[in-house]
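Got a sequence here, can you build the structure:
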Amino acid sequence: MDTNQETKVIDLGGKSVKENLDSTKVLESLRDAETGEESLSSDLEQKLRATSKKLSENDDASTGDAAAEKAAEAIREAEAARKAEDAKKAKPVSRAEPVRKAEPAEKLPPQRPEEPQKPQNSPMSSKKEQQERTEQPDGDAKKISVDQLSDEEFLRLYGDGERRSPKRKKQKKGRKKQESVSEEEQSEVPEKQKRHPVAWFKNKLTDENIDDETAKNMVNVIGIVGGITFILAVVLVAVILHAKFSSFSSQFNQAVEFENAGDVARAAGCYEKAIDAAGSKGDRIRGRMALANLYLEQRSDNNASFYFEQVVDIDPENEEAITKLLSIYESNNNMEAIVALAEKASDREETQALFADYLLNQPVFNYKSGTYDERLTIEIEAGEAERIYYTTDGSEATEMSRLYTGPIQLEEGHTVFHAMAVSGTGLMSQNIEVNYEIMASAPEKPRITPSSGTYREITKIHVDIPDGCRAYYTLDGNVPTAESPEYTEDLVIPLGNHIFSVIFINQNGLASQVSTKVYDFIFSAPITKNDAINKVTEGLIRTGELLDDSGEAVDPAYGTAQFQCSEILTINDAQFYRVDKIYSGDGAFGSYAVEINTGAVFALLDNNGNYTLVGF
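Next up is the predicted model:
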C-alpha cells in the first residue's frame, strides 16, 4: 500500500479530518489543527516536515501508519495541555488566598496567543475549514504532543535528530546546566555588547526561561531604581542651587546692595546669613565687621560691640575692632569692659599700646609667684593709683573686693592673689595674679642640758638655738609662748625647785614641741636666800624708802614692796644673790645684789645681761 495515498482519520485538536496521507496535505492539516489559522511555529513545522518526509520515504505501510498515528496523538495531547493552561490563567484569583503557581510535570513549548475564531458559517471561512468543522474526531485516536516524545522515540520516528525542534535542544541544554551559545552565535555578538549591562539585561528579559512573574518583578525593580535615581537627582540639583544662592559671597553682596539702598533691616539679615555661611577665617571676620559697622552707623552700640567682640575673639590682634570697642566703652564709661578687653586682646606690644590712655599700670607685689619655706609678708604697690583691691580666693578683683591697707601675712599653704588698681578719675588696671606656696615646717624639739635633778652648786642651763628660730622659756611649768621671757644665753638654775620649759618659734611663726626639765637647787653658803632678802629690807628702811619690815613704802603711792630671790649671779668672779623688788602701787621695779659670803648689799643695774654693782 502506498503511504502517500493511504487514507487515515486524524484528530486535530477536536477536529476530524480524513485526508490522503500525502506529505503536503498532512502538513496543511496539522497546521490548521495547531492554531485554527494558517500559521505554525517554526519548531512544529520543522517536525511536521520531518514526519512528512519520513512518511514519503517509508515503503512499509504499517510503519507509516504507526508514525502518522503517533504524530497525531502527540498533537492532540499538546492541544489538550494548551487548553488546560489557558483555563488556569482565565480562572479569577481570590484576594483572600494567595495563588500558588502550579509547576507542570514537564515544561511545554511557549504557546502563541489564540486569535478570535471566525464564525462557522462566515463567508470568509474556507471550504476546507468548514469541512473540518463538520468532521467528527475518531474516538480511538490518542492525543500526544511531539515535544512530549522521548529522545529514543523521536529518533526512531523522525530520524537522527538533526531537525530536532529548538525547544528540545534547550531542554537538553538545561539538563547540561545551560552551556554557552555556539561559537557561530558568539562571533556574531560584539564583545562590547556582551559586557554591556543593558544588553545583558535585554537578553535576560527575552530569555524563554524567565516567566511572566519574574519579568514583572524585574520591571518593578527597574522602575523603583529609576524613581530613586530621579529623586536623588532632583535633591542634588536643589542642594547645588541652595548652596549657590545661600553662599557667603551671595549673601554678602546682597547685604551690600540693601545697605546702599538704605534698607538696614534686610541688609542686617543678609549679613547674618553671610556670617552663618562663612567658612574661612577671613570671611568670618569680614561679615562681622560689616554688620558691626552697620550697627555703629545706626548708633546701636550694644549690637555693634557684640560683633566687634566676636572679631577680637577670632583675631585678638585686630586693631580696628579693638579701637572701635575702646571708643564705645569710653563713651559709656565702662572701665571694666576696657579691662576685660585688654585681657582678651593679644599680648603683643603693639596691641597693648592701644590701651595706654585707658588703663593704669598693674599692681606690683614684693614677692614673685613661687614656693617658699618661710612665712611671707606681702606688700602691694600701684604707683599713682589711689586704691588697690585684692582677693585671696582665686576670684578676679573688682571694686567690691577687699581694699588693700597694709602688709598681709601669709600662712602656710597655697594662696592665690588677684589685685587691681583704680585711679581717682576712675581708670582701672588689669587684674594681676600671683601664686604663693608656703611649705614651712616647724622647728625640731629643743634639747636642754643638764638633765633634771638636784644640784647643790651653781649650775647653768644650756639650750642650742637653731638658725632662724627664737627660744622662749618658763620656770613655773606653764607652756612657753612668744610672750614668755626669751632665752638668749645660759641660765643659772634658780634656787629651790623649778620646772624649766622651752620652745622654738621660727620665722614662719611655727612653734616646736615643748621641752621640760625639773631642777632642785640647794645652795649652802654663810648667807641664805632669806638672809639676803632681810638685808635688802633693812637697807631700804635705813634710806627712808620703807617704813618697816612689812614692806610698806613711805610714799603711799608706791604701796607695799614685795621681794623675790630666785637666782645667784656671778659678777667679777664673786657670787651674789639677786633680789628683785616690786611695788604693788605703781609697779616700780628694782634689783639688788647680796654677796653670799659677807652679806654686802649693792644696787644692781642689768643692761641686757651686763651687770653693774652700785654702792647702797
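
For the stretch 201-350 of the chain, which residues score under the pLDDT cut-off?
The stretch 201-350 of the chain contains residues with pLDDT under 70 at 201-212, 215, 240-245.

no no, the stretch 51-200 of the chain
51-72, 74, 88-200.

Quick check: E386 touching L427?
No. Counting by Cβ atoms under 8 Å, E386 does not reach L427; the two are 10.2 Å apart. All C-beta spots, glycine's among them, are computed from the backbone N, C-alpha and C.

Looking at those two, which one has more neighbours?
Between E386 and L427, L427 has the larger neighbour count (other Cβ atoms under 10 Å), namely 17 against 11.

Find the nearest non-adjacent residue to that one, please.
L360 (5.2 Å; Cβ to Cβ, 6 or more residues apart in numbering).

for the one you found, what are its contacts?
382-385, 421-423, 427-429 (Cβ atoms under 8 Å, 6 or more residues apart in numbering).

beta partners of it?
Taking DSSP bridges as the rule, L360 bridges to S429.

Distance of it relative to Q310?
27 Å (Cβ to Cβ, to the nearest Å).

next one: K281
For K281 relative to Q310 (Cβ to Cβ), the value is 12 Å.

now swap in V594 and tell me
Taking Cβ to Cβ, one finds V594 at 91 Å from Q310.

Can you give the contact residues for stretch 587-601?
So stretch 587-601 is contacted by 523, 525-527, 531-532, 535-536, 539, 558, 568-569, 571, 574-583, 602-606, 611, 613, 616 (Cβ under 8 Å, 6+ apart).

Quick one: buried ones out of those?
Among those, those classed as buried by 16 or more other Cβ atoms under 10 Å are 523, 527, 531-532, 535-536, 539, 558, 568-569, 571, 575-581, 583, 602, 604, 611, 613, 616.

how about the helices in the stretch 201-350 of the chain?
212-245, 248-260, 264-277, 281-297, 301-314, 319-331, 335-344, 349-352 (DSSP state H, counting those that start in this stretch).

wait, which of the ones you listed is closest to G413?
Closest to G413 of those is helix 335-344 (Cβ to Cβ; 27.2 Å).

burial of Y372, as a residue count?
Burial of Y372 is recorded as 15 neighbouring residues (other Cβ under 10 Å).

Specify the beta-bridge partners of it.
I438.

wait, isn't it in contact with E437?
Yes. With contact defined as Cβ under 8 Å, Y372 reaches E437; the gap is 7.0 Å.

And stretch 505-521, end to end?
29 Å (Cα to Cα, to the nearest Å).

how close does the closest residue to T377 other than its chain neighbours get to G496?
Once flanking residues are discounted, T377 sits nearest to P407: 4.8 Å by Cβ to Cβ, 6+ apart. Per Cβ to Cβ, P407 is found 45 Å from G496.

which one of the two has more residues nearby?
G496 (14 against 11).

any idea of the pLDDT on the more buried one?
pLDDT for G496: 85.

which residues does it bridge with?
Assessed by DSSP bridges, G496 has beta-bridge partners F521.

need the contact list for it.
G496 makes contact with 520-521, 529, 566, according to Cβ under 8 Å, 6+ apart.

Turn the residues you listed into CSV, columns for distance to L326 and pLDDT.
Below are the contacts of G496 laid out as CSV (distance: Cβ to Cβ, whole Å; pLDDT from 0 to 100):
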residue, distance to L326, pLDDT
D520, 82, 92
F521, 80, 88
K529, 84, 88
S566, 75, 77
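
Relative to S484, which of these is nearest.
Comparing those against S484 with Cβ to Cβ places S566 closest, at 15.6 Å.

pretty sure the closest one belongs to a helix, no?
No. Counting by DSSP: H, G, I helix; E, B strand; the rest coil, S566 is not found in a helix; it is strand.

wait, it sits on L495?
Yes. The pair S566 and L495 qualifies as a contact (Cβ under 8 Å) at a distance of 6.4 Å.

K281 and Q310: who's more crowded?
Using other Cβ under 10 Å, the more surrounded residue of K281 and Q310 is Q310, with 19 against 10.

nearest spatial neighbour of that one, skipping sequence neighbours?
Q310's closest residue in space is R288 (Cβ to Cβ, 6+ apart), at 5.3 Å.

what's the one you found in contact with, if anything?
R288 is in contact with 275, 307-308, 310-311, 314, counting by Cβ under 8 Å, 6+ apart.

Restricted to buried residues, select those in PyMOL.
Remark: buried members of these, expressed as a PyMOL selection using 16+ other Cβ under 10 Å:
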select buried, resi 275+307+308+310+311
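
Would you mind listing the buried residues in stretch 326-338?
Neighbour counts over stretch 326-338 (16+ other Cβ under 10 Å) mark 326, 328-329, 334-335, 337-338 as buried.

among the residues you listed, which two are most distant?
Distances among these were taken as Cβ to Cβ; the most separated pair is I328 and M335, at 12.7 Å.

Least confident of the contacts of L360?
Lowest pLDDT among these: E384, with 77.

one step back: which one of the buried residues of stretch 326-338 is nearest L236?
Distances from L236 to the buried residues of stretch 326-338, taken by Cβ to Cβ, are shortest for I328, at 46.3 Å.

residues in contact with that closest one?
296, 301, 304-305, 308.

cutoff 6 Å now
I328 makes contact with 301, 305, according to Cβ atoms under 6 Å, 6 or more residues apart in numbering.

Going forward, count from 30.
Happy to do that; since the first residue is 30 now, the last one works out to I357.

Could you measure from it over to F337?
8 Å.

same question, K489
80 Å.

now do M429
27 Å.

With D496 instead?
Distance, D496 to F337, using Cβ to Cβ: 59 Å.

out of the contacts of R317, who's nearest D578?
Among the contacts of R317, F337 lies closest to D578 (Cβ to Cβ), at 94.7 Å.

hang on, the closest one packs against L354?
Yes. Using Cβ atoms under 6 Å, F337 makes contact with L354 at a distance of 4.9 Å.

Give me the buried entries from the contacts of G525.
By 16+ other Cβ under 10 Å, the contacts of G525 give 550, 558, 595 as buried.

now the second one, nearest residue through space, not along the chain?
Think K558. Nearest non-adjacent residue to K558 (Cβ to Cβ, 6+ apart): C594, at 4.7 Å.

what's across from that neighbour in the sheet?
V608.
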